[in-house]
Every structure is written in structure tokens, then in C-alpha cells.
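Fold the following for me, if possible:
(chains A and B)
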Amino acid sequence: KAGVTQTPRYLIKTRGQQVTLSCSPISGHRSVSWYQQTPGQGLQFLFEYFSETQRNKGNFPGRFSGRQFSNSRSEMNVSTLELGDSALYLCASSAGTYNEQFFGPGTRLTVL
Amino acid sequence: DQQVKQNSPSLSVQEGRISILNCDYTNSMFDYFLWYKKYPAEGPTFLISISSIKDKNEDGRFTVFLNKSAKHLSLHIVPSQPGDSAVYFCAVYNYGQNFVFGPGTRLSVLP
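Take a look at the predicted model:
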């Protein structure tokens, strides 16, 4: 089975711009979660989608949004980028409740 | 307020010895616990998990111990190998909620 893929792998944007990140889960996985990783902060949960519905949401501002398509692929959008949004954004998929999550390689976003 | 703590940001161990990584959580409702390993420029990789009905789970060189009364879990790696050098995250979960990850412990296994 192919693993979780994320595109693009690297992205450089300037403040005020918006960005869209994409995630393709493992085939058959219906749950997709997004995390932000910054140095010293571990993985901060952004949101989880299951069957095209947002099931859980972390404590991030409304500039961070996402969606999931019928084929389980997911996108994450960040509008009005700030310098502090520079981070590694990780996507993880799982088969369902109480199943471990499988992570993609991440998208490294740099905001200048 | 951190729900999951890994109080050791880093740990160094000699090759062949035991590595013990610790994790503490605050919410007794968590009932599923996992450990992930992360190499630079890669996403975290699942290592081992344990449910709250058990107190120990083994998989090869990796053993996870759960002490529910103390809200503490640990990962033992025996024997440690240089390839185990990575950042280790513990994660906790309860039904209907999201996974919560600790801040990570950087393990260095010295040859």
C-alpha cells in the first residue's frame, strides 16, 4: 500500500498571502488529521476530518481551515499568513477509531 | 495546560544498554496510548501502542508500560542501537477526541 503523501514538500510564502496544502491518505483510510509542528512545541492538533466532515478541531484561529473530499483526500488552507505560521505541517490518516495514525512526510512552510 | 508531558527533552544512552523514555498525562479518561518515532525530514512513525486494559505490551526490542494510577507510561528499548536515535513522541487518545501528543524526547544512542 502506498503511504500518506503530502504536497508540496516545501513552500515559501510572504506575510499576508494564503496557502493550500494537500494530503492523500492511505487507501481505505477515512480519517485525516492535520498537525502543526514547531521547534519545542511537539505536534499541535489542527483538525480531523472523517467522511468529509470535520470531527474535531484544535485551538487554532479561523485562518486555518480544511476540507475533505469524497475520495478522502484532504486540503488545509491558511489565509493571511503570519511569520509564526512557519512550521512543519503534518497530515496523518487512520482507518478509524482506536487505530494508529500513519503520517506523511510533512510540508515545510516558511513565511517571510 | 499541557495534557501530555515528556519531561526529558533529551536522553543519551550507550549502544547495547536500555533506553527508558517517560510520559505523563493528566486526564484519566485517556484509554489508548501510543509511541511514535520521528527522524529529521520525515513524518512520525508508529512504534507501539497499549490500551488502558493492559499494563504492558511488547514488540521485539520495544516494550511499553502503563501505570494508570500514576497516569504514567514508559517506553523501554532493549538493547538500544544507533539507528534508534530519533525524537520519540508519546500520544494519548480517548474515544471521540483527538490524539494528543507530548513535546517529544530526543534519544541519542552512542556507539
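
For chain A, what's the nearest residue on chain B?
Chain B approaches chain A most closely through residue B:43 (3.2 Å), counting by CB to the nearest CB. Every residue, glycine included, has its C-beta placed from N, CA and C.

Without its sequence neighbours, what residue ends up closest to that residue?
Spatial nearest neighbour of residue B:43, chain neighbours left out: residue A:103 (3.2 Å); criterion: CB to CB, 6 or more residues apart in numbering or on different chains.

follow-up on the earlier one: double-check the residue of chain B closest to chain A against residue A:92; I have them as touching.
Yes: under the contact definition of CB atoms under 8 Å, residue B:43 touches residue A:92, with a separation of 7.5 Å.

Which one's more surrounded, the two?
Under the criterion of other CB atoms under 10 Å in any protein chain shown, the comparison of residue B:43 against residue A:92 puts residue A:92 first, with 27 against 23.

how about the nearest residue to the more buried one, chain neighbours excluded?
Leaving out its chain neighbours, the residue that sits closest to residue A:92 by CB to CB, 6+ apart is residue A:101, at 3.8 Å.

Can you report how many residues lie near the closest residue to chain B within chain A?
Shortest chain A-to-chain B distance, computed as CB to the nearest CB: residue-wise this is residue A:103, at 3.2 Å. When neighbours are counted by other CB under 10 Å, residue A:103 registers 23.

bridging residues for it?
For residue A:103, the beta-bridge assignment (DSSP bridges) gives partners residue A:92.

and what of residue B:110?
When bridges are called by DSSP bridges, residue B:110 pairs up with residue B:14.

these two touch, right, it and residue B:16?
No: in this structure, residue B:110 is not within contact of residue B:16 by CB under 8 Å, at 10.1 Å.

where does residue A:1 land on pLDDT?
With respect to pLDDT, residue A:1 has a value of 65.

mean confidence score for stretch B:59-74?
For stretch B:59-74, mean pLDDT rounds to 97.

how far does it sit from the chain's center?
Centre-to-centre, stretch B:59-74 and its host chain are 8 Å apart (CA atoms, centre = their mean, to the nearest Å).

who's in contact with that stretch?
Residues external to stretch B:59-74 that are found in contact with it (CB atoms under 8 Å, 6 or more residues apart in numbering or on different chains): B:20-28, B:33, B:35, B:47-50, B:52, B:54-57, B:75-79, B:81, B:90.

Which among those residues count as buried?
Burial by neighbour count, 16 or more other CB atoms under 10 Å in any protein chain shown: within the contacts of stretch B:59-74 this picks out B:20-25, B:33, B:35, B:47-50, B:75-77, B:90.

of all those residues, which two lie farthest apart?
Looking at the buried ones among the contacts of stretch B:59-74 by CB to CB, the two members farthest from one another are B:25 and B:77, with 20.4 Å of separation.

contacting residues for the residue nearest to residue B:43?
Contacts of residue A:103 by CB under 8 Å, 6+ apart are A:4, A:90, A:91, A:92, B:36, B:43, B:44, B:45.
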